[in-house]
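Trainee: the following comprises the amino acid sequence and a computationally predicted model.
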Amino acid sequence: MKTVIAEKSLPRKSVTKSNDLVQAAYKLTLNEQRLLLAAIAQIDPRKPMPRPISITAPDFSEQYGIPIKQAYEALKEATSALYERDIKTFDGRFKSRFRWVDRVDYLDGGGETKLYFTVHVQPYLVHLNKSFTTYELKRIADLSSTHSIRLFELLQQFKSTGFYTVSVVDFRELLELGPSYERYSNLKLKVIDPAIAELKEKSGLLIELKTEKKGRSIERLIFKFRDDDQMKLNFASPVDNTRNP
């Protein structure tokens with residue numbers, strides 16, 4: 001049974017990213033995603049990038065509601081793997097590829113990680129004044145699928161309208177699914193439907209999926225979404241979840 005942590009023990013932390021970073025293509029494991037988001041939640045997007053950013057196993061355990069021993073193991077593994085991970089962007093002309101971090105430090109046996117974001121990532125996280133998305137870290141803290149986290153972030157860009165439209169091809173590229181789930185029926189069964197169900201249960205997001213066809217094939221995905229009023233109070237924040245000037 002999962003341990004329930006008292007709400008008052010968890011400080012409010014917000015994740016803020018440029019929409020260009022939200023729309024970038026990358027692939028991370030669940031713990032790598034959690035580590036990144038825990039680090040980003042410590043950044044004030046109005047100020048210079050802090051270097052390094054420290055995450056401890058006790059904080060990781062508390063934030064994500066996992067046993068402390070598991071937190072130590074997850075933090076060590078995710079730190080090592082994250083050093084090799086990269087991001088892919090496309091500005092309409094150039095396809096770019098760069099790493100999240102250029103240095104990681106892990107205190108072996110001490111359960112502490114220090115991350116140094118690359119200069120290429122920093123513009124997507126600090127000094128943001130337009131086209132960015134903000135949400136509370138606790139909205140995704142209980143999610144057990146990286147696909148669910150990615151879908152949540154993609155949708156939050158369009159919270160003001162409650163609609164997100166994307167081609168199947170682009171959706172697969174954003175999640176870097178490679179050759180997996182090439183058939184739409186498998187993509188829906190293994191990726192989209194589980195993510196929608198988990199977001200409803202754990203993040204209070206109600207999602208309706210519609211599709212558009214080209215010939216006999218599904219070409220576009222249309223997500224209509226809104227916050228579940230019954231869970232809204234649980235995630236209430238004095239700060240707007242999404243700001244897209």
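Mentor: Looks like it arrived, so ask away.
Trainee: distance-wise, check residue 124 relative to residue 40.
Mentor: From residue 124 over to residue 40 the distance is 10 Å, taken as C-beta to C-beta, to the nearest Å. C-betas here are computed from N, CA, C, even on glycine.
Trainee: what is in contact with those two at once?
Mentor: residue 17 (C-beta atoms under 8 Å, 6 or more residues apart in numbering).
Trainee: what's in contact with the helix ranked longest in the chain?
Mentor: With secondary structure taken from DSSP state H, the chain has its longest helix at helix 68-82. Residues outside helix 68-82 that contact it (C-beta under 8 Å, 6+ apart) are 28-29, 31-32, 34-36, 55, 57-58, 60-61, 64, 66, 100-101, 104, 106, 108, 111, 113, 115.
Trainee: CA atoms of the helix or strand hosting residue 34 as PDB?
Mentor: In the assignment (DSSP states H and E), residue 34 maps to helix 30-40. Taking C-alpha atoms only, helix 30-40 is exported to PDB below (Å, rounded to 0.1, in the frame of the first residue of the first chain):
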ATOM      1  CA  LEU A  30      10.100   7.600 -15.300                       C
ATOM      2  CA  ASN A  31      12.900   8.300 -12.800                       C
ATOM      3  CA  GLU A  32      14.900  10.400 -15.200                       C
ATOM      4  CA  GLN A  33      11.800  12.500 -15.800                       C
ATOM      5  CA  ARG A  34      11.100  12.700 -12.100                       C
ATOM      6  CA  LEU A  35      14.700  13.800 -11.400                       C
ATOM      7  CA  LEU A  36      14.600  16.500 -14.100                       C
ATOM      8  CA  LEU A  37      11.300  17.900 -12.900                       C
ATOM      9  CA  ALA A  38      12.400  17.900  -9.300                       C
ATOM     10  CA  ALA A  39      15.400  20.000 -10.500                       C
ATOM     11  CA  ILE A  40      13.400  22.300 -12.700                       C
END
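Trainee: related to what we said a few turns ago, residues of the longest helix of the chain that come out buried?
Mentor: When burial is assessed from 16 or more other C-beta atoms under 10 Å, helix 68-82 yields the following buried residues: 71, 72, 74, 75, 76, 78, 79, 82.
Trainee: need the nearest residue in space to the first one, chain neighbours excluded.
Mentor: In space, and not counting its chain neighbours, residue 71 is closest to residue 61: 3.7 Å by C-beta to C-beta, 6 or more residues apart in numbering.
Trainee: keeping just the C-alphas, turn the helix or strand encompassing the one you found into CSV.
Mentor: Element membership of residue 61, judged by DSSP H and E, is helix 57-64. What follows is helix 57-64 as a C-alpha-only set of coordinates in CSV (Å, rounded to 0.1, in the frame of the first residue of the first chain):
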residue,chain,number,x,y,z
ALA,A,57,17.0,11.1,-1.7
PRO,A,58,14.8,12.2,1.2
ASP,A,59,13.3,15.0,-0.9
PHE,A,60,12.9,12.7,-3.9
SER,A,61,11.2,10.1,-1.6
GLU,A,62,8.8,12.7,-0.1
GLN,A,63,8.0,14.4,-3.4
TYR,A,64,7.1,11.2,-5.2
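Trainee: that one - contacts with which helices or strands?
Mentor: In this structure, helix 57-64 makes packing contacts with helix 30-40, helix 68-82, judged by 3 or more C-beta pairs under 8 Å, 6 or more residues apart in numbering; DSSP states H and E.
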